[in-house]
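Visitor: any chance you can model this:
(one chain, ligands or ions: 1)
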Amino acid sequence: MTRGADGVVALAGGVGAARFLQGLVRVIDPSSLTVIVNTGDDVELYGLYISPDPDIVVYTLAGVVDEVKGWGFAGDTFNFMRMLERYGFKPWFKLGDMDLATHVLRTWLLRRGFSLSYAIDFIRRRLGVSARILPMSDDRVRTKLVTDVGMLEFQEYFVKYRTEPEVKGVVFEGIETAKPAPGVLESIQEASGIIVCPSNPIVSIAPILSVKGVRDAIRRSRAVKVAISPIVGGKTIKGPADRMMRSLGYEPTAYGVASLYRDFLDYFILDKVDSHMAARIECELGVKVLAEDTVMKTMSDKVRLAKAVMEVIRGGR
Ligand code: FO1
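Guide: The predicted structure follows:
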């Protein structure tokens, strides 16, 4: 592990990003890492403010996540859910009993006037995570999807409707007035490397890049900028990014993902099965390409991918 002034910033959604970051914190000093996380998926349910992507990143880096689901605490129980059902509700968004404490604490802090940044920082410190975890904004941004069954909030689309509706448009409600959270622009300016994690480019990374000043700060930053493709062989490892890209008119391939970041990217890491796209990305988009094994099943897969990314950032290739 390298200690010292790596100054790495990672833009992250939920599960895919968290798995990559698990490897990254084993390759660099975690205290030199700032993760800027999407909050467009946040949802208010059962009287609570729930922030799934920051929680997924924190729980994963803390080593307490349910590794099978990729969210929630490992070994959690669901008595709260069962009790809601007994009261006659049909809750479609599952909160484990331990997870519930996180949402109660965050809601409580927000109601007392603390910021979302403060709440996330409080939780990650208590769970022993050394990397800095920042929400993209302390202001409320809601990702909404225009679908063939009407306008849906992100979690309704993702969990209640199991990503089945066709997505015809995406809206980040509140984005025009959302300010970057404290530390977001500064960490980008000071970074030596900026990593776009293998997250959904449309609903996980785009909200972060759409917060006022963020995309410009990344473009202007002298950091080495690297993205990892979440699409392998035309399919996403997890989630609906491929279908969403197709229905919105983007090419649902590694090339399509790279094209969404072409204005700021130095390097694009795609899977070896997509290496035939390298020349097209390099020639048409002007982005250098590396082919790696990007499917992360074991910790050694995660570490290997993180090492490849850090070699690029440190100019080792
Ligand atoms: N995903 C599900 O598929 N079903 C759930 O009931 C669910 C509950 C949940 C609770 C807390 C949390 O932090 C995440 C949760 N997720 C659930 C995951 C979440 O919907 C998505 O993975 C992200 O929003 C997409 O990045």
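
Visitor: next one: Lys179 from Leu185, what distance?
Guide: Using C-beta to C-beta, to the nearest Å, we find Lys179 at a distance of 10 Å from Leu185. (C-beta placed from N, C-alpha, C; glycine too.)

Visitor: so which of the two has more stuff around it?
Guide: More crowded of Lys179 and Leu185, by other C-beta atoms under 10 Å: Leu185, with 20 against 14.

Visitor: I'd say the more buried one and Gly213 touch.
Guide: Yes: the pair Leu185 and Gly213 qualifies as a contact (C-beta atoms under 8 Å) at a distance of 5.7 Å.

Visitor: point me to the residue of the stretch 201-317 of the chain nearest the ligand.
Guide: Of all residues in the stretch 201-317 of the chain, Ser204 sits closest to the ligand, at 6.2 Å by C-beta to the nearest ligand atom.

Visitor: what of the chain?
Guide: Among the residues of the chain, Gly14 lies closest to the ligand, at 2.7 Å counting by C-beta to the nearest ligand atom.

Visitor: got the contact list for that residue?
Guide: If you count contacts by C-beta atoms under 8 Å, 6 or more residues apart in numbering, Gly14 has them with 38, 41, 52-53, 56-57, 70-71, 199, 204.

Visitor: out of those, which is most surrounded?
Guide: The member of those surrounded by the most neighbours (other C-beta under 10 Å) is Asn38, with 33 neighbours in all.

Visitor: do I have it right that that residue meets Ala12?
Guide: Yes: counting by C-beta under 8 Å, Asn38 does reach Ala12; the two are 7.0 Å apart.

Visitor: which residues do the two both contact?
Guide: Residues touching both Asn38 and Ala12 (C-beta under 8 Å, 6+ apart) are 53, 199, 204.

Visitor: tell me the secondary structure of the last one, please.
Guide: When classified by DSSP: H, G, I helix; E, B strand; the rest coil, Ser204 comes out as helix.

Visitor: list the contacts of the nearest residue to Gly96 once chain neighbours are set aside.
Guide: The spatial neighbour of Gly96 that comes closest, neighbours along the chain excluded (C-beta to C-beta, 6 or more residues apart in numbering), is Asp76 at 3.0 Å. The contact partners of Asp76, by C-beta under 8 Å, 6+ apart, come to 66, 96-99.

Visitor: same thing but 6 Å
Guide: Counting by C-beta atoms under 6 Å, 6 or more residues apart in numbering, Asp76 makes contact with 96, 98-99.

Visitor: next: Leu290.
Guide: Contacts of Leu290 by C-beta under 6 Å, 6+ apart are Ile269.

Visitor: kindly recompute the last result at 8 Å.
Guide: By C-beta under 8 Å, 6+ apart, Leu290 lies in contact with 267-270, 308, 312, 317.

Visitor: and the strands in the stretch 51-200 of the chain, which stretches?
Guide: Taking DSSP state E, counting those that start in this stretch, the strands of the stretch 51-200 of the chain run over residues 132-135, 142-147, 150-153, 167-173, 193-196.

Visitor: sorry, back to before: how close does the residue of the stretch 201-317 of the chain closest to the ligand get to Met299?
Guide: Note on Ser204: its distance to Met299, by C-beta to C-beta, is 23 Å.

Visitor: name the nearest residue to Leu61, sequence neighbours excluded.
Guide: Val129 (4.6 Å).

Visitor: isn't that neighbour right next to Gly63, touching?
Guide: No: using C-beta under 8 Å, Val129 is not in contact with Gly63, being 9.2 Å away.

Visitor: between those two, point out the one with more neighbours.
Guide: Here Val129 and Gly63 are set side by side on neighbour count (other C-beta under 10 Å), and the busier one is Val129, at 23 against 12.

Visitor: any weak-confidence spans in the stretch 201-317 of the chain?
Guide: Flagging of the stretch 201-317 of the chain using pLDDT under 70 yields the residue ranges 316-317.

Visitor: how close does Val15 sit to Val58?
Guide: Distance check for Val15 against Val58: by C-beta to C-beta, it reads 13 Å.

Visitor: got the contact list for stretch 269-280?
Guide: Around stretch 269-280, the neighbours that count as contacts under C-beta under 8 Å, 6+ apart are 226-229, 231-233, 253-255, 258, 281, 289-295, 305, 308-309, 312.
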